[in-house]
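1. sequence unknown, structure follows:
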C-alpha cells in the first residue's frame, strides 16, 4: 500500500526535480558561454537535438502512459509490479533498436564533428534505464529529487573543473550526456524495493503498445517545435544563431517548468481520482484551483521575464549573447500558453484517457510549426523559429480548450487568464521603464524584480479577493508566510 503524500510536499519535490533538469545548464551557462563560445555551443545544441530524437523513439509515450498506468494500480503491489515489467520490457526492446541505429548514424553519416555525436550516444542510451515514470506514478517525488540532485551537483563540478577551452567541447558533451545515464541508475534501488520481478509475457507487453504509441505521437509533435527548430536553424543559419536561440529558449523554459511541476504532481493524483467513484467534487475543486494557480504564475513569469530580458541576457551570458535578450522578449508569451494547456492536459485530458484530443491538438500545432519554420527560418533565422513556436503553442492551447469546453468551466478560466494577463502587462510596463535606473546591472535588475513583484502581487490579490471573491491562493500564501489571517 502506497501511503498518501501531501500535494504541497509533492509539488515542492516535483518542482525541485524539474528545476534540476534545467539548473545544470543554467548554473554553468555563464561559464561555458565564455569558455566555449557561441559557435561551439551551437554545434553542441545541434548534436543534442538530433540525439534527443533518437531518445524519443526509445521512450515513446512511456513518460505519460507509464505514469498514468502505475498511478492507477499503485495501491496493489502485485498489479504494479506486473504493469511495470510489461511496460519496461517494451522500453528495453525499443532502446536496444534505437541505440544500434544511432551508432550506425554516427559511423555512416556524422562525418563533421563525429566525436561530438559519439559522445551524445550516452544520452541516447540513458533511455534504456530511465524509469522515473514509475516513481512519479507512485508519487515518490522526494526520492527522484534527492538522488538526481547528487548527480546534477557532480556534473556541474565536473564542467567547472574539466572544461577549460574551446577544444574541450567533446568533454563538455560527454559530461552532460553521461549525467543522464547516472540519473537513471540512481533510481533503480527504489525500483528493487517497491517492485517485485514478474516475468513479462508477450500478451502482457502487447496490451501496452497501442496506448503507448498513441501518447508517443504527441511527443513527436511537440518535438517538431521544440527540437526541429534547432536542427532547421543549423541547416539554414549560422551555428551562433542556434546557440542564441537555444540559450534564450533555455531561460524561457525555466518558468514553464516551475508551473508544470504542479501538473506532474496532479496527473497521478487525478488519474487515481478518476479511477475511483464519487470523487467528482474533489476533482472539480483541485482542477479549479490548479488552473487558477497556473494562470496566476504564468502571467507573472511571462511578463516579468519579458521586462528584464534586455538587461539580463548580456549580463548573464556575456556581451556576445546580447541577441538572446531580444529572443527572450519575443519568446516569453510561450510561458503563458504552455502553462494553460499543460494544466488542462495533465488534470483532465490525460487522466481521463481522452488521448484523441491530445493527439489532434499537437498534430495541428506541429503542422503549423513545420510550415512556418520552412517559410520563415531561411529569411528570418531565429526570429522565424520563435514565430513558428508561438503559433504552434497557441494552436495547441486553443484546440484543447475548445474541445473540452463542455466538460470544464471554460468561461471562468478565460476570465481569470485574461485578467492575470492584463495585470501582467501593467507589471511589464513598470519593469521595462526601470531598465536604466542606474549603471549597475545587478542593482537595476533587483529594482526591476522587486517593483514587478510588488505591483503584480498587489493587483492579483486585489483581483482574487475583491473581484472574483476566490482568495484560495492568497490564503495559501499567507499560510506559507505563517500569517494566521485568512480572507473569506
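-> Done, it's in. Bear in mind the structure is a predicted one, so any value in this text is a computation, not a measurement.

2. residue ranges in the stretch 101-250 of the chain under the pLDDT threshold?
-> 139, 141-144, 225 (pLDDT under 70).

3. rerun that using 80 as the cut-off
-> Applying pLDDT under 80 to the stretch 101-250 of the chain flags residues 111, 135-149, 190, 212-228, 231, 234, 239.

4. can you check the stretch 251-400 of the chain too?
-> In the stretch 251-400 of the chain (pLDDT under 80), the answer is 257-287, 346-348, 350-355.

5. tell me how far the residue nearest in space to the middle of the chain lies from residue 335.
-> By CA atoms, centre = their mean, the chain has its centre lying nearest to residue 257, at 4.6 Å. Residue 257 sits 10 Å away from residue 335, going by CB to CB, to the nearest Å. For the C-beta atoms, the positions are set from N, CA and C on the backbone; glycine is no exception.

6. and if you look at residue 307?
-> Plainly put, residue 307 is 13 Å away from residue 335 if you go by CB to CB.

7. repeat that for residue 368.
-> In this view, residue 368 and residue 335 are 19 Å apart by CB to CB.

8. ditto for residue 306
-> 9 Å.

9. same drill for these two, tell me which one is more crowded.
-> A direct count of neighbours by other CB atoms under 10 Å for residue 306 and residue 335 places residue 335 higher, at 28 against 23.

10. which SS state does that one fall under?
-> Following DSSP: H, G, I helix; E, B strand; the rest coil, we place residue 335 in the helix state.

11. hang on, it packs against residue 249?
-> No. Counting by CB atoms under 8 Å, residue 335 sits too far from residue 249 to count as a contact (11.2 Å).

12. and residue 400, how close does it get to residue 288?
-> Look at residue 400 and residue 288: by CB to CB, they are 17 Å apart.

13. oops, could you answer that again for residue 427 instead?
-> Separation of residue 427 from residue 288 (CB to CB) stands at 24 Å.

14. more neighbours: the two, which one.
-> Set side by side, residue 427 and residue 288 show more neighbours around residue 427, with 26 against 18, by other CB under 10 Å.

15. give me the element the more buried one is part of.
-> According to DSSP states H and E, residue 427 maps onto helix 410-432.

16. got the angle between the helix or strand just after that helix and helix 410-432?
-> Later in the chain than helix 410-432, the nearest helix or strand by DSSP H and E is helix 441-462. Helix 441-462 and helix 410-432 meet at an angle of 150 degrees, taking axes from the mean of the first three to the mean of the last three CA atoms, to 10 degrees as the criterion.

17. for helix 441-462, buried residues please.
-> Under the neighbour-count criterion of 16 or more other CB atoms under 10 Å, helix 441-462 has 444-445, 447-449, 451-452, 455-457, 459-461 buried.

18. pLDDT value on the residue lying closest to residue 159 once chain neighbours are set aside, please?
-> Take residue 159 and drop its neighbours on the chain: the residue closest to it by CB to CB, 6 or more residues apart in numbering is residue 28, 4.8 Å away. In this model, residue 28 is scored at 85, pLDDT.

19. could you list every residue that touches residue 91?
-> By CB atoms under 8 Å, 6 or more residues apart in numbering, the contact list for residue 91 reads 58-60, 62, 127-128.

20. so which pair among those residues is furthest apart in space?
-> The largest separation in these, counting by CB to CB, is between 60 and 128 at 13.2 Å.

21. what's the spacing between residue 384 and residue 248?
-> Residue 384 sits 14 Å away from residue 248, going by CB to CB.

22. out of those two, which sits in the busier spot?
-> residue 248 (26 against 22).

23. nearest residue to that one other than its sequence neighbours?
-> Nearest one to residue 248, counting by CB to CB, 6+ apart, is residue 327 at 3.4 Å.

24. count of residues packed around the one you found?
-> A total of 25 residues lie near residue 327 under the criterion other CB under 10 Å.

25. wait, what's in contact with it?
-> Contacts of residue 327 by CB under 8 Å, 6+ apart are 244-245, 248-249, 382-383, 386.

26. please report the distance of it from residue 433.
-> Look at residue 327 and residue 433: by CB to CB, they are 22 Å apart.

27. quick check: residue 437 touching residue 445?
-> No. Look at residue 437 against residue 445 with CB under 8 Å: they stay out of range, at 9.5 Å.

28. ok, back up a step: for the helix holding residue 427, buried residues please.
-> Here helix 410-432 shows 413, 416-417, 419-421, 423-424, 427-428, 430-432 as buried, counting by 16+ other CB under 10 Å.

29. that'll do, ta.
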